[in-house]
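> With the sequence up front, the predicted model follows.
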Amino acid sequence: MDRSAIEWTDATWNPVTGCTKVSPGCANCYAEAITLRFGLGGRFLPGMSSIELHPARLSLPHKWKAPRHVFVNSMSDLFHENVPFEFIERVFEVMAETSRHTFQILTKRHQRLQSLAPHLDWPSNVWMGVSVESQYWADRRIPILSEVPAQVRFLSVEPLLKPVDLSPYLGSLHWVIVGGESGVRARPIDLEWVRRIREDCEEAKVPFFFKQWGGRTSKAGGRELDGRTHDDMPTYWESPSSSLVAANAPS
């Protein structure tokens, strides 16, 4: 199992690697940087085929005895157009077979998610999320996510590049993650953008997790929001390895 440094999960599972950039949030993709650094594939540019399926990795969750929260395809997008439906279906079958784990899936490909979701079985241990970086993409991706019959529907608002009003959508969501962009070319995040999302989540009683300010160091760094560090804010987690807080678990 690949232990993860991502604060909102325990481990990663990559039955697919490679991707293609589809929106501004992809510009400084960390997965592309890792892929290039370690010679694992090519750039994630349109017209370049970087998707690779790894059938041998499908059995990995069966080997993990202790329950884990598992981020599926941290190095790709399960709903990429070059991933065959039959392979996606097999990933879902493995997740259903290993119900001791909780699987977290993120996509930027809302249109393919919309077309395939009705044809997939959604076990209760599968959480589905979309990534949004601006209001433009929030208005396109979140309404489609709200139709997906997942036990938990969540957002990764990372990298947050512009102010976003999530209030029209919070009634259909169970969790919101917010973060700035990491890396030497990180684009700036504004304190007030984060405060607004947090306040809207608090009003709607939707758990909120502030991941990082971004930049060269990807940690929150203790910077405060209205006198509270990110560790003081209501989140879906008691700690990264704990079970869900019962009061916030969706019915």
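Structure received. All values reported here derive from a predicted model rather than from experimental measurement.

> and the nearest residue to E158 once chain neighbours are set aside, what is it in contact with?
Leaving aside its sequence neighbours, E158 sits nearest to G179 (CB to CB, 6 or more residues apart in numbering; 3.7 Å). Where C-beta positions appear, they are placed from N, C-alpha and C, glycine not excepted. Neighbour list for G179: 156-160, 189, 210-214 [criterion: CB atoms under 8 Å, 6 or more residues apart in numbering].

> Let's have the residues you listed in TSV, adding neighbour count.
Formatted as TSV, the contacts of G179 follow (neighbours: other CB atoms under 10 Å):
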residue	neighbour count
S156	24
V157	26
E158	21
P159	26
L160	25
I189	20
F210	25
K211	22
Q212	23
W213	22
G214	23
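
> Widest-spaced pair of these?
Within these, S156 and W213 form the most distant pair, 15.5 Å apart (CB to CB).

> Could you measure from E86 over to A5?
32 Å (CB to CB, to the nearest Å).

> what ranges do the strands span in the stretch 101-250 of the chain?
Secondary structure of the stretch 101-250 of the chain (DSSP state E, counting those that start in this stretch): strands at 102-107, 126-131, 152-157, 175-179, 208-212.

> Save those strands as TSV, and put in distance to A66 and mean pLDDT too.
Converted to TSV, the strands of the stretch 101-250 of the chain look like this (distance: least, CB to CB, whole Å; pLDDT from 0 to 100):
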stretch	distance to A66	mean pLDDT
strand 102-107	12	97
strand 126-131	19	97
strand 152-157	20	96
strand 175-179	23	94
strand 208-212	23	89
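
> For the ones you listed, please prepare JSON lines with the additional fields distance to I142.
Shown next, in JSON lines, are those (distance: least, CB to CB, whole Å):
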{"stretch": "strand 102-107", "distance to I142": "12"}
{"stretch": "strand 126-131", "distance to I142": "7"}
{"stretch": "strand 152-157", "distance to I142": "7"}
{"stretch": "strand 175-179", "distance to I142": "10"}
{"stretch": "strand 208-212", "distance to I142": "15"}
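
> Those strands: which one's closest to L120?
Between L120 and the strands of the stretch 101-250 of the chain, the tightest spacing by CB to CB is seen for strand 126-131, at 9.1 Å.
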